[in-house]
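Undergrad: Got a sequence here, can you build the structure:
(2 chains)
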There are 2 protein chains.
Amino acid sequence: MDSEGNSAEHLRSSRGCCLKKLINNPQNVVTEALHGMAAAHAGLLKLNVEPPYLVRLESPVQGKVGIVSGGGSGHEPLHGGFVGMGMLDAACPGAVFTSPTPDQMLAASQAVNGGAGVLHIIKNYTGDCLNFEMAAELARAEGIEVEQVLTNDDVAVQDSLYTAGRRGVGVTVLVEKIAGAAAEQRRPLKDVAAIARTVNAQGRSMGMALTSCTVPHAGKPTFQLAEDEMEIGIGIHGEPGRRRMKRASAAEVAVMLVEPILADLPFQAGDEVLAFVNGMGGTPLLELYIMFAEVARILEGKGIRIARSLVGSYITSLEMAGCSVTLLKLDEELTRLWDAPVKTPALRWGV
Amino acid sequence: MDSEGNSAEHLRSSRGCCLKKLINNPQNVVTEALHGMAAAHAGLLKLNVEPPYLVRLESPVQGKVGIVSGGGSGHEPLHGGFVGMGMLDAACPGAVFTSPTPDQMLAASQAVNGGAGVLHIIKNYTGDCLNFEMAAELARAEGIEVEQVLTNDDVAVQDSLYTAGRRGVGVTVLVEKIAGAAAEQRRPLKDVAAIARTVNAQGRSMGMALTSCTVPHAGKPTFQLAEDEMEIGIGIHGEPGRRRMKRASAAEVAVMLVEPILADLPFQAGDEVLAFVNGMGGTPLLELYIMFAEVARILEGKGIRIARSLVGSYITSLEMAGCSVTLLKLDEELTRLWDAPVKTPALRWGV
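TA: Prediction:
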């Protein structure tokens, strides 16, 4: 047993099996990771311990719309890795796959309010929506102007385990980047919210998994997939997708993800898009680039031009193996805002 | 079977088990991923198909030392993800965990030679060393000035499966960044090589694994680790480490990695370091930040200051779960070069 009272016992799950994770106590993973983030990125952000949130070092920025997001942990770098110049002002982490609480969201909103109001970016899960709504009411009661934007870009399923309507997934990263850039340019709250809604409206996503993930305090895989199976349309918490089927090639998976996305908006020949191939946490870059090549091939065949791209693990499900594809229809303004400087732990360019 | 002649058969290994990978044909993973990289990062780099290498878009840069690295694939983003302004001019990818060939290295050296000579950065594995040495001889015969720098920072073992002497691991990322910055400032070849050697001399690493990886064309895990086991001192190809033992906490793992690193240089109270916690490919950021917090706690206790940090999966072993720690003793010059602008797919800041 070490000085913190941890012992090998903590590494065993309730089922008695050993977790293949680099952790101490399953109950403390979020708190310990937050301290690690604050230590690693002390030049960009700081940690408020109670209630817990990560906040941009120079907050509140006077005259700038403050942007707050948050949600269950386990999707890193989302959201904490996006706190910094040109993106989020604060991120509220819940327990793994569990919504943060209204007091976190309220305290974060107070901390980032520089007099120009606060935008909440919320992935469409019932707990997140309820808690952010309550936080907004409390903040407004204190005279803080609050707008809220919901992301619901996942075309896989209409309702799901934790969601009424569509789930918010990959487009959230793009909303946070683009709305963050608009806020950085001192656009007023109404404009920043409108831009965020446009990104959500013009973005579509779908994901798949080759393996489950294991929530540390649950200690066993969230779901079971046979050695020769995959699940198409999976949610970022392992929620059921469209169908479970035999493993297919990257080319076949790309078709299964991209076709429903294209049909839904719909995307059309002549469109310029941002193509985002996202890893679920346990899938290496080598495979994500193979997927990107397949996505690019499909889009080229449809006359859709990839004007910007993002490849990597940005919205994850712990160590799940799998990927998601997000396409965002670009226009001049969105492209300019995407290209604008950003300086966060996980996205950084231009400054 | 699709238009490329791929079929579900290709997803089965020689052992008949289904690979849990997003690939088409195990024989084509590197080629397909290279095409994906070129498509995703067309503004930064281009792919030479035969012989295969990734090269900075504006190569050769006249008057600048050209920097070439390379090695077996499966360690992405190393090396191709580091091609761009302020880092590598070209990267030569071999098959997975297999050295590239001298003709790739020669062609890359020719392509990046802007008249100021070429630096080869080589991880210390026997195949890489032999092939880069042969490429250097061929390049020199053509009148290209070539310097070579070997990285051998892994304190775990003295000789290993593919290595005489120590293995080159995490410090390679730091050498490529820092030497790349020196080259960008138009320092002469001798200086750039000397700076690269200083980084290697002042850097030490050690890694560990919770799971094996599976080389696509091998189709079965490289090694076996029981559910309750881990391996300390593992190499980036799954080569044996120092010891196989029961799973331990993140705090205990951090001690097992950091103590041998500190003792080896040795690092001392008052030192300023860059602390790099690297994921092996299948370990999520949440766990890497828990590890970073533990590393930071140990260093603080020794009076060693973390002046810069890097957390993420930068030198990987396909989907292996695990991590490595690299510490680099900084001085003013190395810190300034680390901070200098870089614009590559995987590291990007300051421009």
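Undergrad: does chain B sit close to the helix or strand harbouring A:I67?
TA: Per DSSP states H and E, A:I67 falls inside strand A:66-73. Yes - using C-beta under 8 Å from any C-beta of the partner chain, strand A:66-73 comes into contact with chain B via A:S73. (Each C-beta comes from the backbone N, C-alpha and C, glycine too.)
Undergrad: Identify each buried residue in that strand, please.
TA: Neighbour-count burial for strand A:66-73, counted by 16 or more other C-beta atoms under 10 Å in any protein chain shown, picks out A:G66, A:I67, A:V68, A:S69, A:G70, A:G71, A:G72, A:S73.
Undergrad: What of stretch A:275-284?
TA: Neighbour-count burial for stretch A:275-284, counted by 16+ other C-beta under 10 Å, picks out A:A275, A:F276, A:V277, A:N278, A:G279, A:M280, A:G281, A:G282, A:T283, A:P284.
Undergrad: ditto for stretch A:338-351
TA: Across stretch A:338-351, burial judged by 16+ other C-beta under 10 Å covers A:W338, A:A340, A:V342, A:K343, A:T344, A:P345, A:A346, A:L347, A:R348, A:W349, A:G350.
Undergrad: before we move on, what about stretch A:250-269?
TA: Neighbour counts over stretch A:250-269 (16+ other C-beta under 10 Å) mark A:250-258, A:260-262, A:265, A:267 as buried.
Undergrad: Chain A: helices as residue ranges?
TA: Assigned by DSSP state H, the helices in chain A fall at A:29-40, A:102-112, A:126-141, A:171-184, A:189-202, A:250-264, A:285-302, A:332-339.
Undergrad: Could you work out which of those helices reaches nearest to B:N28?
TA: Among the helices of chain A, the nearest to B:N28 by C-beta to C-beta is helix A:285-302 (8.6 Å).
Undergrad: ok so, going back, can you redo the buried residues of stretch A:250-269 as a markdown table with distance to B:G165?
TA: Output for those, formatted as a markdown table (distance: C-beta to C-beta, whole Å):
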| residue | distance to B:G165 |
| --- | --- |
| A:A250 | 38 |
| A:A251 | 42 |
| A:E252 | 45 |
| A:V253 | 42 |
| A:A254 | 43 |
| A:V255 | 48 |
| A:M256 | 48 |
| A:L257 | 46 |
| A:V258 | 47 |
| A:P260 | 53 |
| A:I261 | 50 |
| A:L262 | 53 |
| A:L265 | 56 |
| A:F267 | 54 |
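Undergrad: Format these as JSON lines; extra columns: pLDDT.
TA: Output for the buried residues of stretch A:250-269, formatted as JSON lines (pLDDT from 0 to 100):
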{"residue": "A:A250", "pLDDT": "98"}
{"residue": "A:A251", "pLDDT": "98"}
{"residue": "A:E252", "pLDDT": "98"}
{"residue": "A:V253", "pLDDT": "98"}
{"residue": "A:A254", "pLDDT": "98"}
{"residue": "A:V255", "pLDDT": "98"}
{"residue": "A:M256", "pLDDT": "98"}
{"residue": "A:L257", "pLDDT": "98"}
{"residue": "A:V258", "pLDDT": "98"}
{"residue": "A:P260", "pLDDT": "98"}
{"residue": "A:I261", "pLDDT": "98"}
{"residue": "A:L262", "pLDDT": "98"}
{"residue": "A:L265", "pLDDT": "97"}
{"residue": "A:F267", "pLDDT": "98"}
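Undergrad: ok, and of those, which contact chain B?
TA: For chain B, the contacts drawn from those by C-beta under 8 Å from any C-beta are A:A250, A:A251, A:E252, A:V253.
Undergrad: Closest one of those to B:E333?
TA: Ranked by distance to B:E333 (C-beta to C-beta), those are led by A:A250 at 44.2 Å.
Undergrad: possible to save the ones next to chain B among the buried residues of stretch A:250-269 as CSV with distance to B:T98?
TA: What follows is these, written out as CSV (distance: C-beta to C-beta, whole Å):
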residue, distance to B:T98
A:A250, 21
A:A251, 24
A:E252, 27
A:V253, 26
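Undergrad: How about A:A33, nearest residue that isn't a chain neighbour?
TA: B:Y289 (4.1 Å; C-beta to C-beta, 6 or more residues apart in numbering or on different chains).
Undergrad: residues in contact with the residue lying closest to A:T98 once chain neighbours are set aside?
TA: Leaving aside its chain neighbours, A:T98 sits nearest to A:G72 (4.8 Å; criterion: C-beta to C-beta, 6+ apart). Shown in contact with A:G72 (C-beta atoms under 8 Å, 6 or more residues apart in numbering or on different chains): A:P93, A:G94, A:A95, A:V96, A:F97, A:T98, A:S99, A:P100, A:Y125, A:D128, A:H237.
Undergrad: could these be laid out in TSV, adding distance to A:Q148 and neighbour count?
TA: Converted to TSV, the contacts of A:G72 look like this (distance: C-beta to C-beta, whole Å; neighbours: other C-beta atoms under 10 Å in any protein chain shown):
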residue	distance to A:Q148	neighbour count
A:P93	19	27
A:G94	17	20
A:A95	22	18
A:V96	24	21
A:F97	21	24
A:T98	20	20
A:S99	14	24
A:P100	15	27
A:Y125	14	27
A:D128	11	26
A:H237	21	23
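Undergrad: how far away is the residue nearest to A:T98 from chain B?
TA: According to C-beta to the nearest C-beta, to the nearest Å, A:G72 and chain B sit 11 Å apart.
Undergrad: before we move on, the earlier item: which of the buried residues of stretch A:338-351 are close to chain B?
TA: Among the buried residues of stretch A:338-351, the residues lying close to chain B (C-beta under 8 Å from any C-beta) are A:K343, A:P345, A:R348, A:W349, A:G350.
Undergrad: Could you find the closest non-adjacent residue to A:S309?
TA: B:A40 is the one closest to A:S309 (C-beta to C-beta, 6+ apart), at 4.4 Å.
Undergrad: ok, and of the buried residues of stretch A:275-284, which contact chain B?
TA: A:A275, A:V277, A:G281, A:G282, A:T283, A:P284.
Undergrad: Next, give me the two most distant ones among those.
TA: Across those, the longest distance by C-beta to C-beta is 21.6 Å; it joins A:A275 and A:G282.
Undergrad: Contact distance from chain B - what residues of the stretch 151-300 of chain A qualify?
TA: Looking at chain B, the residues of the stretch 151-300 of chain A close enough under C-beta under 8 Å from any C-beta are A:210-211, A:227-228, A:246-253, A:275, A:277, A:281-294, A:296.
Undergrad: Got the confidence number for whatever residue of the stretch 51-200 of chain A ends up closest to chain B?
TA: Nearest residue of the stretch 51-200 of chain A to chain B, counting by C-beta to the nearest C-beta: A:E76, 4.0 Å away. Note for A:E76: predicted pLDDT of 98.
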